[in-house]
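Participant: using only what follows, build the 3D model:
(chains A and B)
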Amino acid sequence: MNHYELIVIGGGPAGLAAALAAYEQGLRKILIVERDKELGGILNQCIHNGFGLHHFKEELTGPEYAGRFVEMLKDTNVEVALDTMVLEITREREVHAVSVAKGYQVLKGDSVILAMGCRERTRGAIAIPGDRPAGVFTAGTAQRYLNMEGYMVGRRIVILGSGDIGLIMARRMTLEGAKVLACVEVMPYSGGLNRNIVQCLQDYDIPLYLSHTITDIRGKGRVEGVTVSQVDARRNPIPGTEMHFDCDTVLLSVGLIPENELTRQAEITMDPRTNGAVVYENMETALPGVFACGNVVHVHDLVDFVTAESMRAGRAAAAYVQKGEADDAGLITLKNGDGVTYTVPQRIRPGNVENAEVFFRVNRVCGASEIRVMSGDTQIAKFKRAHLAPGEMERIMLPKKLLEKAGSELTVGIVEL
Amino acid sequence: MFDVAIIGCGVVGAATAFMLSQRECSVVVLEKENDVATGATRANSAIIHAGYDPEPGTKMARLNVRGVELAQKLCKELDVPYIQNGSLVLAFDETDDKTVEKLYHRGVENGVPGLEIISGDEARKREPNLSKQVTSALWAPSAGIINPWEYALAMIETAVRNGVELRRECAVTGLNKTDAGWSIETTKGTVEAKYVVNAAGVHSEEIHNMAAEPAFKIIPNRGEYYLMDKSDGGRANSVLFQCPSAAGKGVLISPTVGGNLIVGPSADNAEDGDCVGTTAAGLASVREKAMKTMPDLTYRGAIRNFAGMRANSDQADFFVQVSAPGFVDLACIKSPGLSAAPAIAEEAVVLLEGEGLALPAKAECITTRRRIIFNELTQEEKAKVIAGNPLYGRVICRCETITEGEIVHSLHCPVPPVSIDGVKRRAGAGLGRCQGGFCGPRVAEIIARELGIPMVDMLKDTAGTNILIGETKQKNK
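Facilitator: Numbering: from 1, shown residues only, chains lettered A, B, ... in the order given. Here you go, the predicted structure:
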């Protein structure tokens, strides 16, 4: 059985950063297992710019961002198994993988990092009624056809959902000569970054219909048209508000789901709110020695934050291999207060951290607000924000001296001022 | 000149071809679509009904019970996913209790084995998610679940191996009686055959009327469904029917052979037998009715909706008979048509013999089929399969763990697919929770490579369902 100090599952931005950070901490037997034929993950099809503003302090395209990490990897002895699919991870950290080159392999890791990313929600998940013609794609699938394979998926497009990939594809399809007729969002606010609303819709005069959804798709062979209706506060279509669009394509950008089949198989504790594993401050899961980072834990807006989180996981995996299990004295559980849908991490071991970085999302659009961190009735920290939105992940830092003051539970909530 | 021309390659046409392929005769199957099993066969509840539903003495009753017997044997021999998990018909009040008793007696009369009436509590013990309102239930151990399109595929594939000719995209446009039999006009030229079998499903009325005086009317009836993720597959152990009542037939909740959960169908008469779109009202009615069986069922795990078209008719029974000299109707095959299919095919053989066709058994023919389902193999078997063909080491569909080896194998089977959905039906790639979002482009590449189909001509499904409209950086044509 091949033995490694660290096996990283997934060679996208999360896996790359995690492996590099673990290497920098001194691990010398590291393997990245990647199912695709090259490293970089979904970044390879994200040919637009806007990546790296935080991490590299410059604006890069997706492939450039991934390329930086692949270059850095060349100066290390980190091994990469491409075109290799992990079928199972056992609780003893045995990784079962198959590939054309090496057949069925069982690999043993002193530590394992889960970095499998996420996948897109589909038409079936949201039950859009109508015919079942060709021409209904998730935005990411259309992006792959367009940017990787060089094919047009359609000429007259309606986009459902205002997630970032959908917004990016609105601009991309326009630049390739397609007409994007509308972007339709069921919620009263966009699910994407504000900068993408401006740069991908407004700059190209593409209308955004908030509180609307597609209520019918018509077409025998290809899509021939869709009906769009306004929805009420409970997201039910309002009769009489129907609009018809003659289009040949529907792109769906209706959410991302962390891809955790391997995690569930290994019976690692999951958080139903993130659809990812429950993690500690250092991205360790409930199974000691197994860490998780990036979109497999919770869906991020910015790859830069994936990188930062994954480097934390990589350093923690190295520490686990070198020093053993972390001390969980004074364990703090994070709870969601008003307006907060989830936090990552969900658990903090104060003895194991200098500053705990906490990511979370809010459930509504707010103006000037305060993020309040409470220990029982005592407020131990507050952070001011000019604006909060569900489409934009929030980040706060909780210093060690604050954590030491906390009880066994901390609640993160928001208050609009 | 063929001995027999079968019109339509759904499960009934495929079963008939399979049965005839074991006899000394030449057979052609004419299918209007670019693939087999694209009508009612591919979109239904995927249930093998025990046989307590049809009225005693009808063809439906006899062929259903015989069909179950045959399905058990055929699925084993042809490697078709089939699980005999039994069914419960649930009663919710005293009227229902009486109906359950009636169904029990009817089933006994039809020769359905092992029927038993159990209490509501017993039903809940077997099915922990059942409603507290269930008062009693009819247990039918011979009912089961099946992969319906795989069933049809397995039979037509084996028939083709035995020498049956399958012509696809070959729609029948006219039938003329000749001295030798029938001259069949199709969109791909004229076909001559001594005997014709009408297995055209929802279009069987049109075909019948080309050969004989009108005798029945097909009333296409649409049924809409929810398919749920495998994480929901364990919510039911058996097929859970609701007692038919004045309010209608109700909906069923059942595990599928793939490990998913299926909920449906709605029922509404459709103008167009080929229109299998879903509707907000239909899906809402499914959700509402299913609540009666399982009040806690949620649809967060839904991965797909679909609608199927049943060939309902103005006939109470299957219309299985000789309607003109040398012309056999296998028509009005509504539920339990899938369950009865191989028995209907046996009946067709008898009817053809009665019309004067000699059908001696072949000395040698193929009656078995085996395929590799990578995900179901043990670790050692997986290693061995990859050692034999490295393409089994490349996973293409990650939701269902379908390998390139399985996809390539499907592309070179006796009835090869010509579309991404065709590969889905044969190899299973794209059936999972991401619904082909990830593997679709990769499957398209493999089809292009193996069959020499240009990417820009790649189909999602039937003719006209092109995925791509062209290459980028090209002027509009």
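Participant: for the residue of chain A found nearest chain B, which non-adjacent residue is closest in space?
Facilitator: With CB to the nearest CB, the shortest gap between chain A and chain B falls at A:Gly221, namely 2.6 Å. Glycine gets a C-beta too; all of them are placed from N, C-alpha and C. Using CB to CB, 6 or more residues apart in numbering or on different chains and skipping the chain neighbours, the partner closest in space to A:Gly221 is B:Gly464 (2.6 Å).
Participant: ok, the one you found - how many residues close by?
Facilitator: By other CB atoms under 10 Å in any protein chain shown, the residues close to B:Gly464 number 14.
Participant: repeat for B:Glu376
Facilitator: Neighbour tally, B:Glu376, other CB under 10 Å: 10.
Participant: what sits against it?
Facilitator: Counting by CB atoms under 8 Å, 6 or more residues apart in numbering or on different chains, B:Glu376 touches no other residue.
Participant: local confidence estimate at it?
Facilitator: pLDDT, B:Glu376: 95.
Participant: and it, what are its phi and psi?
Facilitator: B:Glu376 adopts backbone torsions of phi -90, psi 0, taken as degrees, to the nearest 10.
Participant: closest residue of chain B to chain A?
Facilitator: Here the residue of chain B nearest chain A is B:Gly464; by CB to the nearest CB that distance is 2.6 Å.
Participant: got the residue ranges for the helices in the stretch 251-400 of chain A?
Facilitator: Ranges of helices in the stretch 251-400 of chain A, per DSSP state H, counting those that start in this stretch, are A:261-265, A:303-323, A:400-405.
Participant: beta partners of B:Pro82?
Facilitator: Just to correct that, residue B:82 is Tyr rather than Pro. Beta-bridge partners recorded for B:Tyr82 (DSSP bridges): B:Ile146.
Participant: got the end-to-end distance for stretch A:403-417?
Facilitator: End-to-end distance of stretch A:403-417 (CA to CA, to the nearest Å): 25 Å.
Participant: buried stuff in that stretch?
Facilitator: By neighbour count with 16 or more other CB atoms under 10 Å in any protein chain shown, stretch A:403-417 contains the buried residues A:403, A:406, A:410-414.
Participant: now the helices of the stretch 251-400 of chain A as CSV including mean pLDDT and distance to A:Asp271?
Facilitator: Converted to CSV, these look like this (pLDDT from 0 to 100; distance: least, CB to CB, whole Å):
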stretch, mean pLDDT, distance to A:Asp271
helix A:261-265, 95, 11
helix A:303-323, 97, 15
helix A:400-405, 88, 20
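Participant: which one of the ones you listed lies nearest to A:Thr76?
Facilitator: The closest of the helices of the stretch 251-400 of chain A to A:Thr76 is helix A:303-323. By CB to CB, the value is 11.8 Å.
Participant: returning to what we had before: so of the helices of the stretch 251-400 of chain A, which one's packed in deepest?
Facilitator: Mean neighbours per residue, mean count of other CB atoms under 10 Å in any protein chain shown, is largest over those for helix A:303-323, with a mean of 23.
Participant: and A:Ala101, how many residues sit next to it?
Facilitator: By other CB under 10 Å, the residues close to A:Ala101 number 12.
Participant: so it versus A:Val296, what's the distance?
Facilitator: 25 Å (CB to CB, to the nearest Å).
Participant: pick out the residue nearest the middle of chain A.
Facilitator: Residue closest to the mean C-alpha point of chain A, counted by CA atoms, centre = their mean, is A:Val299 at 2.5 Å.
Participant: so that one touches A:Leu256, yeah?
Facilitator: Yes. A:Val299 lies in contact with A:Leu256 (CB atoms under 8 Å); the separation is 4.6 Å.
Participant: identify the contacts common to the two.
Facilitator: Here A:Val299 and A:Leu256 have A:Cys118 as joint contacts, going by CB under 8 Å, 6+ apart.
Participant: okay, and B:Ala284 sits in which element?
Facilitator: helix B:280-293 (DSSP states H and E).
Participant: the stretch 51-200 of chain B: strands as residue ranges?
Facilitator: For the stretch 51-200 of chain B, the strands defined by DSSP state E, counting those that start in this stretch cover B:82-83, B:87-91, B:116-119, B:136-140, B:144-146, B:165-167, B:172-177, B:182-186, B:189-198.
Participant: list the contacts of A:Gly124.
Facilitator: The contact partners of A:Gly124, taken as CB under 8 Å, 6+ apart, are B:227, B:302-305, B:435.
Participant: done for today, thanks.
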